[in-house]
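Asks: Sequence first, predicted coordinates after that:
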Amino acid sequence: MTKKQKKVRNRIIVVLIMFFALLILDKTGVLEPVPWYLQLVIYLIPYIIIGYDVIKKAAINISHGQVFDENFLMMIATFGAFGIGEYSEALAVMLFYQVGELFQSYAVGKSRQSITEMMSIAPEIANIVREDGTVEEVDPEEVSVGDILQIRAGEKVPVDAVVVEGESFIDTAALTGESVPRKVVAGDDIISGCVNQDGVLKVRAIKAYEDSTVAKILELVENASNKKSRMENFITRFARYYTPVVTIGAVLLAVVLPFATGISFMDSIRRACIFLIVSCPCALVISVPLGFFGGIGASSKIGVLVKGSNFLEAASLIDTIVFDKTGTITKGEFKVTDIVLADNSGIDSSLSGDNDLKTQLLKIAAHGEALSNHPIARSIKEAYEQKGYAVDQSLVDEASTKEVAGHGITTVYDGKELILGNGKALLANNIEYSEIDSPGTTVYVALDGKYLGCIVISDVIKDGVVDAIANIKKAGVDKTVLLTGDRKNAALFTAKKVGIDETHYELLPADKVTQVEKMLSEEDNNSKLAFVGDGINDAPVLMRADVGIAMGSLGSDAAIEAADIVIMDDDLRKIPSVIKIARKTLRIVKENIVFALTVKIAILILGALGLTTMWLAVFGDVGVAVLAILNSMRALKYD
Amino acid sequence: MKKTYKCEVDCANCAAKMEEAVKKIEGVTDARVNFMTQKFMLEADDAVYAEVLEKAVKACKKVEPDCEIEV
């Protein structure tokens, strides 16, 4: 509790004791012989202790022309109660109003704290290593690009940097929700906000603090609650009218009712006071943004940045998700995914002394590509090296190596003619081969005029994508679509493998926008389309979609800039989680609105009919606010 | 220029009222009173910024005497 809250708490305790003492005295009849004016004085003492600040604020606000100020309305309501001789009610209303206010400010402070703590990624210090070797502790904002920094175990990485010395494990959980620490060595980039776990690292700053990932993220999250959802805007507009309308209603009740129905002024004023007690829209105004704030907090806990309440609201309505292929569904790196041997390939162990025939084919191919730097050549060599071998260039005759565009490579390996390439390359040399039907790129290998086999290279599907798509469907998304510039064969194969329903292939970047726009026009108000991309060449589509979801690839500015939701660690499985968080948040917010409005309207109706007491009204009002806040806090939790 | 300040405000409704009041001041391009993060953001022309800021703080104090803005 803050100092301010503690002061209010102490006043509440004192007055609560006095209030119960008075209540006992009143009920046991001790106060009965006391004349009314003395009773008034007795009640006024605790009333002033608990309510003086409200009255003071009311006075100041009224002098500023703020008629519909909650302090002022509370003051009028309690003065009214005193006026009609209901002293204990007057005191109770003020007392419980203060209890409610205290609880609200405490609960809001608490939830604010837990959210900010969860996002406590801001580094407090940076240690600059000077040229003479001394280490100086400075504020992260004072670090300039190129500075050498020392990061000890347990410290946060202050700015985006590259490791120059040392190795360690770094914990990226605060940024990505990924709990397995990542190993870094000299030459690796590290992102600000991560925590160095064991060794001492020397790093060179590559960005100033304000351009670093951590500063960008903090700014995003802080601004997120500025982007209001439709629901919030509705409540703000509603609150603007609610208080004046209820207040005018109170005045009308007090003045008109006695003439219209013949009830006493005492009674009509009591009813009017009940109106004033429930005239503050605070329960609504607070619980809606608090719910969204919690939802945004819960998302950032799992490593997903939601850039505004409005986007969380939109995410709850997603019914179509469009995926980009390369970099989103697939890793965008080519790898040898299959090695197919020809029947009677003739590779025998005498060739290399190794008895794994596939490895031998790979060996021959890797040597054939030894002098090439083509991505396909690189992936073949990489696959070979991964098996623990090295390419021996002396086995290849450089002078006779020829690259034939659109065909492949011919060279001399181990004294024999080697042909690597597509079907055309083999046909051109009159070599018989069996066509392999594959979505990837196929490299046929022929040695000494004989077809040996084929190496298939394709883009690798990311881990967890199949699960992600299945869960997205389970979460109630009706349609999944794949957009790609890739060939039909590869596109359809990928879509089928991961379980995507609809595929559009061979698209130019501009076609993707057109395609998404076409799908957007089919959406109605209550369904939204999300586009998932890596932000590299699909920024226009990310912006055009209702909800642009970018793979953050840790620190890619373009993606963070263009998207509405950023998945920090590129794990598509976070998408169904975010949709669930969004739906839960929206449900909570709706519950709050419906609940608070129902109770308020019920109290208003009962109050107007004279069927309720001021006691019930104040409990109803404070109780609704408290319950709504507690309910909002649920949005913070995600399991 | 756009700058953000710490701002202590007790109720969400008051924050909304403060925001509205500040937006009405001449020279203010945009203003936000964020109850959740307890931040006050003011965007105004560089030339008149200091002046506008002063007016904005006054306007906030007027609608919510209890608020504190750390300039």
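Replies: Structure's in. What do you need?
Asks: Please name the residues that touch the one residue in chain B that gets nearest to chain A.
Replies: Distances between chain B and chain A by CB to the nearest CB are smallest at B:A12, namely 4.2 Å. For glycine as for every other residue, the C-beta is placed from the backbone atoms N, C-alpha and C. Shown in contact with B:A12 (CB atoms under 8 Å, 6 or more residues apart in numbering or on different chains): A:108, A:282, A:285-286, A:289, B:35.
Asks: Is it possible to get JSON lines of the residues you listed that adds secondary structure and neighbour count?
Replies: Rendered in JSON lines, the data for the contacts of B:A12 read as follows (DSSP: H, G, I helix; E, B strand; the rest coil; neighbours: other CB atoms under 10 Å in any protein chain shown):
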{"residue": "A:V108", "secondary structure": "helix", "neighbour count": "24"}
{"residue": "A:C282", "secondary structure": "helix", "neighbour count": "23"}
{"residue": "A:V285", "secondary structure": "helix", "neighbour count": "25"}
{"residue": "A:I286", "secondary structure": "helix", "neighbour count": "27"}
{"residue": "A:P289", "secondary structure": "helix", "neighbour count": "26"}
{"residue": "B:F35", "secondary structure": "coil", "neighbour count": "25"}
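Asks: Export the residues you listed to a markdown table and append columns for pLDDT and distance to A:V67.
Replies: Output for the contacts of B:A12, formatted as a markdown table (pLDDT from 0 to 100; distance: CB to CB, whole Å):
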| residue | pLDDT | distance to A:V67 |
| --- | --- | --- |
| A:V108 | 72 | 26 |
| A:C282 | 72 | 17 |
| A:V285 | 77 | 18 |
| A:I286 | 76 | 22 |
| A:P289 | 81 | 25 |
| B:F35 | 78 | 22 |
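Asks: where are the low-confidence patches of the stretch 201-350 of chain A?
Replies: Along the stretch 201-350 of chain A, segments meeting pLDDT under 70 span A:221-222, A:225, A:344-350.
Asks: Contact distance from chain B - what residues of it qualify?
Replies: Contact residues, the stretch 201-350 of chain A versus chain B (CB under 8 Å from any CB of the partner chain): A:222, A:225-226, A:236, A:239, A:280-282, A:285-286, A:289-290, A:293.
Asks: just checking, what's the longest helix in chain B?
Replies: The single longest helix within chain B, with elements called by DSSP state H, is helix B:49-63.
Asks: elements contacting it?
Replies: Applying 3 or more CB pairs under 8 Å, 6 or more residues apart in numbering or on different chains; DSSP states H and E, one finds that helix B:49-63 contacts helix B:12-23, strand B:28-34, strand B:39-44.
Asks: Out of these, which gets the lowest mean score?
Replies: Lowest mean pLDDT within the helices and strands packed on helix B:49-63: helix B:12-23, a mean of 84.
Asks: any idea how far that one is from the chain center?
Replies: Mean C-alpha position of helix B:12-23 versus that of the full chain (CA atoms, centre = their mean, to the nearest Å) differs by 8 Å.
Asks: Which strand residues bridge the residue lying closest to B:C7 once chain neighbours are set aside?
Replies: Excluding its sequence neighbours, the residue lying closest to B:C7 (CB to CB, 6 or more residues apart in numbering or on different chains) is B:F40, at 3.7 Å. On the basis of DSSP bridges, B:F40 is bridged to B:Y5, B:V33.
Asks: isn't B:F40 right next to B:E68, touching?
Replies: No. Applying CB atoms under 8 Å, one finds B:F40 not in contact with B:E68, separated by 9.9 Å.
Asks: tell me, what's touching the two both at once?
Replies: Common contacts of B:F40 and B:E68 (CB under 8 Å, 6+ apart): B:C7.
Asks: Settle it for me: which of these two has more neighbours?
Replies: With neighbours defined as other CB atoms under 10 Å in any protein chain shown, B:F40 and B:E68 compare such that B:F40 has more, 29 against 15.
Asks: Can you give me every residue that contacts the more buried one?
Replies: B:4-7, B:18, B:31-34, B:60, B:69.
Asks: cool, B:T4 as well?
Replies: B:T4 sits next to A:222, B:39-42 when contact means CB under 8 Å, 6+ apart.
Asks: just B:I69 next, same as before
Replies: The contact partners of B:I69, by CB under 8 Å, 6+ apart, come to B:5-8, B:40, B:57, B:60.
Asks: in a strand, that's where it is, yeah?
Replies: Yes. Assigned with DSSP: H, G, I helix; E, B strand; the rest coil, B:I69 falls within a strand.
Asks: Now it: closest residue in space, sequence neighbours ignored.
Replies: Leaving aside its sequence neighbours, B:I69 sits nearest to B:C7 (CB to CB, 6+ apart; 4.7 Å).
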